[in-house]
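> Sequence first, then the predicted structure:
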Amino acid sequence: QVQLVESGGGLVQPGGSLRLSCVASGSIRSIYAMGWYRQAPGKQRDMVATIPSGGSTNYADSVQGRFTISRDNAKNTVYLQMNSLKPEDTAVYYCNAILTTLPDYFTRQNYWGQGTQVTVSS
């Protein structure tokens, strides 16, 4: 089994910063893409940022220039540095990973974390 565990959410004032982390563990063979998504109350889950194992990152227009995604492949960890936070960034943030599990070499599976709440409010 595979688990994704997020941490780093919380309450922050507008203009503040937070750093989210997500660690993938379990019977992982290879991790391809990792990413962050968010879901505000009453809204659909939207992509925030993604990062493949090799290649360029991708950001939602609403966070471009404020958020930075990075990953540590040796630790199976993805990060999201969030700066200049706005009230509209308030949501549950979910970690996502596309990976293969042992002993399989080919079947890519999609996994989600349990989510971490980010609230931006004065």
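Thanks, I have it. This structure is a prediction, so every number in the text was calculated from the model and none was measured.
> Nearest to the middle of the protein, which residue? Look it up for me.
Here the mean C-alpha position of the chain is nearest to the C-alpha of residue 36 (Cα atoms, centre = their mean), at a distance of 2.6 Å.
> Give me the nearest residue to the residue of the chain most remote from its centre, chain neighbours excluded.
Most distant from the centre of the chain: residue 103, at 25.7 Å, with distances by Cα atoms, centre = their mean. Distances taken as Cβ to Cβ, 6 or more residues apart in numbering place residue 29 nearest to residue 103, at 7.8 Å, with adjacent residues excluded. Yep, even glycine has a C-beta here, placed from its N, CA and C like the rest.
> Isn't that neighbour up against residue 101?
Yes: using Cβ atoms under 8 Å, residue 29 and residue 101 qualify as a contacting pair, with a distance of 6.0 Å.
> more neighbours, these two?
The residue with more neighbours, out of residue 29 and residue 101 and counting by other Cβ atoms under 10 Å, is residue 101; that gives 16 against 13.
> Distance of that one relative to residue 94?
Taking Cβ to Cβ, to the nearest Å as the measure, residue 101 and residue 94 are separated by 20 Å.
> cool, and residue 33?
Residue 33 sits 14 Å away from residue 94, taking Cβ to Cβ as the criterion.
> can you check residue 68 too?
Relative to residue 94, residue 68 is positioned 18 Å away (criterion: Cβ to Cβ).
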